[in-house]
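**Student:** Just need the structure, nothing else, for what follows:
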Amino acid sequence: MFRKILACSDGSESALQAARVAAVIAREFHACTLLLTVFNPSTVIYANGDAPIAPIDSALLSRYIEEIQRDIEERTGEVFRAAGVDYVACRETGHPVDVIVDVAEREKVDLIVLGSRGLSGWKSFLLGSVSDGVLHHAHCPVLIVR
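**Tutor:** Sure, this is the predicted structure:
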């Protein structure tokens, strides 16, 4: 039934729980698993939504994004490794809803799995509204895990 699963993670406990569920489904259906982290740079660059808080060094921002996504991949990947499920990690930057929906379509996934609530504030990768946005715009089934 599910041949390819997109598991989305921001490193939150909700996302890790979603990864545990995705791992069980992937193992059951022998599905390929794609682990997606999405970094939304506007959560770092814009404090009030209108203007940059300070000039941003693009190399420094790139290293910051790399470090954050590597940490999320490592923690979330441990869930898949513990379950004996192979996965491919994918890192993207942009608005989480748009990116998740685009990656799901591009990769022709059969199921998107994500947590119901992500991290908040400047550490935000997946917001509570992200799961709702993905649910309404995805081309395939979406499993939202509490």
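
**Student:** average pLDDT for the top strand by length along the chain?
**Tutor:** Longest strand of the chain, by residue count under DSSP state E: strand 32-39. For strand 32-39, mean pLDDT rounds to 97.

**Student:** where's it relative to the chain centroid, distance-wise?
**Tutor:** Distance of strand 32-39 from its chain centroid, counting by C-alpha atoms, centre = their mean, to the nearest Å, is 6 Å.

**Student:** strands paired with it, and their directions?
**Tutor:** Partners of strand 32-39 in the sheet, by DSSP bridges, are strand 4-8 (parallel), strand 88-93 (parallel).

**Student:** contacting residues around that strand?
**Tutor:** Contacts with strand 32-39, where a contact means C-beta atoms under 8 Å, 6 or more residues apart in numbering, come from 3-11, 19, 22-23, 26, 65, 68-69, 72-73, 76-77, 80, 85-94, 96, 99-100, 103, 107, 109, 125-126. C-betas here are computed from N, CA, C, even on glycine.

**Student:** Which of the residues you listed fall within strands?
**Tutor:** Here DSSP E is the test, and the contacts of strand 32-39 give 4, 5, 6, 7, 8, 88, 89, 90, 91, 92, 93 as lying in strands.
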